[in-house]
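In: Next comes the sequence, and after it the predicted model I'd like to discuss.
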4 protein chains.
Amino acid sequence: MIASARMISTPRAPWRDKLRVVIFEADTPAGKAFDVALLWAIALSVAAVMLESVSSIELDYGSELRAAEWIFTGLFSLEYVARLVCAPHPTRYARSLFGLVDLMAVIPTYLSLLVPGSQSLLVIRTLRLIRIFRVFKLAHFLGEIEILSHALRASRAKLIVFVSSIIILVTILGSTMYLLEGEEAGFSSIPRSIYWAIVTMTTVGYGDITPQTISGQMLAAIVMIIGYAIIAVPTGIVTAEIIESARARPNTTRVCMECMSEGHGASARYCRDCGAGLENPNS
Amino acid sequence: MIASARMISTPRAPWRDKLRVVIFEADTPAGKAFDVALLWAIALSVAAVMLESVSSIELDYGSELRAAEWIFTGLFSLEYVARLVCAPHPTRYARSLFGLVDLMAVIPTYLSLLVPGSQSLLVIRTLRLIRIFRVFKLAHFLGEIEILSHALRASRAKLIVFVSSIIILVTILGSTMYLLEGEEAGFSSIPRSIYWAIVTMTTVGYGDITPQTISGQMLAAIVMIIGYAIIAVPTGIVTAEIIESARARPNTTRVCMECMSEGHGASARYCRDCGAGLENPNS
Amino acid sequence: MIASARMISTPRAPWRDKLRVVIFEADTPAGKAFDVALLWAIALSVAAVMLESVSSIELDYGSELRAAEWIFTGLFSLEYVARLVCAPHPTRYARSLFGLVDLMAVIPTYLSLLVPGSQSLLVIRTLRLIRIFRVFKLAHFLGEIEILSHALRASRAKLIVFVSSIIILVTILGSTMYLLEGEEAGFSSIPRSIYWAIVTMTTVGYGDITPQTISGQMLAAIVMIIGYAIIAVPTGIVTAEIIESARARPNTTRVCMECMSEGHGASARYCRDCGAGLENPNS
Amino acid sequence: MIASARMISTPRAPWRDKLRVVIFEADTPAGKAFDVALLWAIALSVAAVMLESVSSIELDYGSELRAAEWIFTGLFSLEYVARLVCAPHPTRYARSLFGLVDLMAVIPTYLSLLVPGSQSLLVIRTLRLIRIFRVFKLAHFLGEIEILSHALRASRAKLIVFVSSIIILVTILGSTMYLLEGEEAGFSSIPRSIYWAIVTMTTVGYGDITPQTISGQMLAAIVMIIGYAIIAVPTGIVTAEIIESARARPNTTRVCMECMSEGHGASARYCRDCGAGLENPNS
């Protein structure tokens, strides 16, 4: 109803709808081909950005890389205009997250004409990679992404509590280490000691700052064992949620024929919402 | 009954009760605003302590940071007195864990007048961070904290067994390494070799002490693979408990009054075993 | 039927069938002995390759190691020919994965006569180790391998999504780090900074490239905490699948013929729902 | 019956039985006190061994530490003789694992009279720590130890498959790295490169050997991501087993009153072994 109302109010050209299906959807052969081409263009343009940052390659192939950059920028600009033209609500698209990301993929190159030689523009260009998530709709990964993101969302509150506790813990442990090690060996301030505590508790362990005193090494050993043991906590949180999410899914295959409610357990014999008998899934 | 008895025995001023609700509780708008202000004061005062420990910042902004410190100390002293005044049992509050933490948040600054220039007082001030846990009651994290702390409490005995085994293992492996590497390369005593074994088995791997002999590197490889494989044990312990805690919660609360079957989901309205109506848990 | 048809069309010598049972199967004593001997030959020949790469050992025992290499190559060549002779479909075997691996175990040594002194041939010889998987059929590990590989296959799509997200994340974080740290301290190009981000996020933490600026260390701390927390995601994915695989196995196989209830344990003799006798799964 | 037969054949002195209860059991107050004293003696004697290995402490307190060592050796010798005397089967005890460990706790000190100054004897003395496991029977940790060791035993076959695959993987990856990095930067032989691969894949990351070439760093990044992702496998294995072990336990509380078989599920209504009705656990 809503769609037909829009069709009437703004009689759109049919080529726009065709373009929209190609660009925004992935169910047709043309839509799939477009997404694959986009994936390659994004990957190649980011590879070019990376190579440009290597000074030896920049010296030898700088002009070729800049040419490639302008070609990709041209293609992405065309794509952005096409998306604006064929989107049902152009302003809504332009303000959406993906709309801004699409715009940010082309802006830095144009800006480099005005502000030449800026390194930060080079880095902003790598944000184009985010656009790859747009292409994931192509594959059959949607269900998997949903389970994972649902599990992460469901365990968000627990993870915030965990990360807050870690931050308070590393602050106190780092400060104590600053006291024990004095000014020696890189523990020159509390922020640096907290940086050391994070490096140690997350088991990264660069070794750029290491304790030298006996008491410092004893505290460091305690920090390591704490870090080694409590990694179990986020793991347990997320694992429990993924098991829960995965288990919740098979339930949705059983539907009550009376009230059409979903999600009945595999062993249920009566609908938990209306009390009607459920059909046996195996008969 | 107990509360009314107390009300009669000590007729308290009504402003005290109002203050108590603001300071100790978080359900009213004023209580929430107080907790948010306290959160910011704690965070800013600890940030000031950190900056004071950086010698270059201390040189330039030392007087400003000391002024900020006295302002925060004044605020926290006022808060401590207010808590003492409006607490139903002032001495019980003063002796409680949070009472001592609240006191410790202001003592070091006053002490620094008597014992000038002490670095340890600087570090004790970061313990103020523990007070942030007091503010967590503000948010809807209480249920999450309960599940996590219940899971950790339930798996405490298993974790103690695990950590004891790790300590015995690193002692024996560290001593063997001391034997294999001789006096070379930092393995100069058994405690240092045990420190190395902890650094290695927890997969931190600073690299400040590394084996140089062939036999030492072979033992190190075994230590690493052991450490990599047995991280699974605490993870498994905590995960099993979190799954158990999360599963125990919704299930045990609801029982069908007709057939006495248990384990009905939180949203179920009819018994899945006999089809009788379930009582609403929230009414 | 198919087997007998083949037997008729190509009347095979009986010693071929006997040889085939010894070489390709592990149920007879001779087959087991062959597999154990093969396991030792593979292990010893790879040990010889390793020792040959150590220059001090190569100087002293070079000729002995080369002699051992020719003996092992001779044995493996004989084995390859024997497999070709007694395989029911020689060309199909020669084109199979294990057929190619078996061939690759002998080719490098013969090639070294034509292309002397090539180091890459030394390394290709270590690929012989893959042949050890062939011997695993000997042990009772088949069921375990099946559960593990089934769990990994089932979680493949989720792991691809996870690894893709990690790659996009380290690219963006590494590029930002390149911007923050400038040209200092090893962050000399975007690819090197991405290499640093991978070293840090996977909690390996070599310490060959470490941030020196305050802002760089702050970003590094965030990268570490992200890496420490999201290790929970693959762990949760695989754990959920292993639990699912292990649970799926015993349950789905047994059904009560009287009340059609499912999920009886492997050792149950009577239905737990109606009390009727269960059929024996092994008779 | 067997016990009484032994009592008749060898009429034992009653003090022997009393001593046996004190030394071998922990249910009486005297038995508990003995175990606590033993725990302290083991801990202190191992601490003395550690301090003796620190050269600066050995110089100052060498004679005191040696005196303490002889006191502890005397106590442990007395204990060993007492165990031999009061054990029901002295030779069986002497040959058991704990009997050998008890003997090894005193032998090195006596040997040091014959072979003076041997460092290896110092290290063997730390094996006394294993005796601490003997004291664990004191606490209520037995159930926890049983769950953990059952979970590890049950997942042994899967862990062997996993560790074998890791060893084959690091051998092949390490050899490839030896090829890529040439002789530079510590990758001087295949065994050293395999050592590097283990350091990297287990996420220890010392940084004593790091790749310098672009191709080497790319392979290293792949090794890290593999190591970061497959840690999920042992974790999943052990977690699944712990969940299984913990779930199996509550089942054992239900016993069939007809055939006395244990381990019936919480929802079972009939015995799965003899078909008799089970009593309702909640009525």
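Out: In hand now; what should we look at?
In: Buried residues, the helix or strand where residue A:219 lies. List them.
Out: Under the criterion of DSSP states H and E, residue A:219 resides in helix A:214-230. By neighbour count with 16 or more other Cβ atoms under 10 Å in any protein chain shown, helix A:214-230 contains the buried residues A:216-217, A:219-221, A:223-230. C-betas here are computed from N, CA, C, even on glycine.
In: For it, which helices and strands make contact with it?
Out: helix A:156-181, helix A:190-201, helix B:156-181, helix B:190-201 (3 or more Cβ pairs under 8 Å, 6 or more residues apart in numbering or on different chains; DSSP states H and E).
In: Could you identify the helix or strand that succeeds it?
Out: Counting by DSSP H and E, the element after helix A:214-230 in chain order, helix or strand, is helix A:232-251.
In: Run a quick neighbour tally on residue A:66.
Out: 15 (other Cβ atoms under 10 Å in any protein chain shown).
In: can you list the weak-confidence ranges in chain A?
Out: Scanning chain A for pLDDT under 70 picks out the ranges A:1-12, A:116-119, A:136-143, A:183-185, A:246-283.
In: In it, what residue comes closest to chain D?
Out: residue A:207 (5.9 Å; Cβ to the nearest Cβ).
In: can you confirm that residue is in a helix?
Out: No - applying DSSP: H, G, I helix; E, B strand; the rest coil, one finds residue A:207 to be coil, outside a helix.
In: List the contacts of it.
Out: Residue A:207 is in contact with B:205, B:206, B:207, B:208, C:205, C:207, D:206, D:207, counting by Cβ atoms under 8 Å, 6 or more residues apart in numbering or on different chains.
In: of those residues, closest to residue B:91?
Out: Sorting the contacts of residue A:207 by distance to residue B:91 puts residue B:206 at the head of the list, at 47.9 Å, by Cβ to Cβ.
In: what comes up buried for stretch A:94-107?
Out: Within stretch A:94-107, the residues scored as buried using 16+ other Cβ under 10 Å are A:99, A:101, A:102, A:105, A:106, A:107.
In: Am I right that the first one is in contact with residue A:93?
Out: So the one you mean is residue A:99. Yes - in this structure residue A:99 lies within contact range of residue A:93 using Cβ atoms under 8 Å: 4.7 Å.
In: joint contacts of the two?
Out: Jointly contacting residue A:99 and residue A:93 under the rule Cβ under 8 Å, 6+ apart are residue A:83.
In: neighbours around the residue lying closest to residue A:205 once chain neighbours are set aside, how many?
Out: Of all residues beyond its chain neighbours, the one nearest residue A:205 is residue B:204 (3.6 Å), with distances taken as Cβ to Cβ, 6 or more residues apart in numbering or on different chains. By other Cβ under 10 Å, the residues close to residue B:204 number 32.
In: Next: residue A:68.
Out: Per other Cβ under 10 Å, the neighbour tally for residue A:68 reads 18.
In: give me the element it is part of.
Out: Assigned by DSSP H and E, residue A:68 falls within helix A:55-86.
In: tilt between that helix and helix C:190-201?
Out: Angle of helix A:55-86 versus helix C:190-201, following axes from the mean of the first three to the mean of the last three Cα atoms, to 10 degrees, is 80 degrees.
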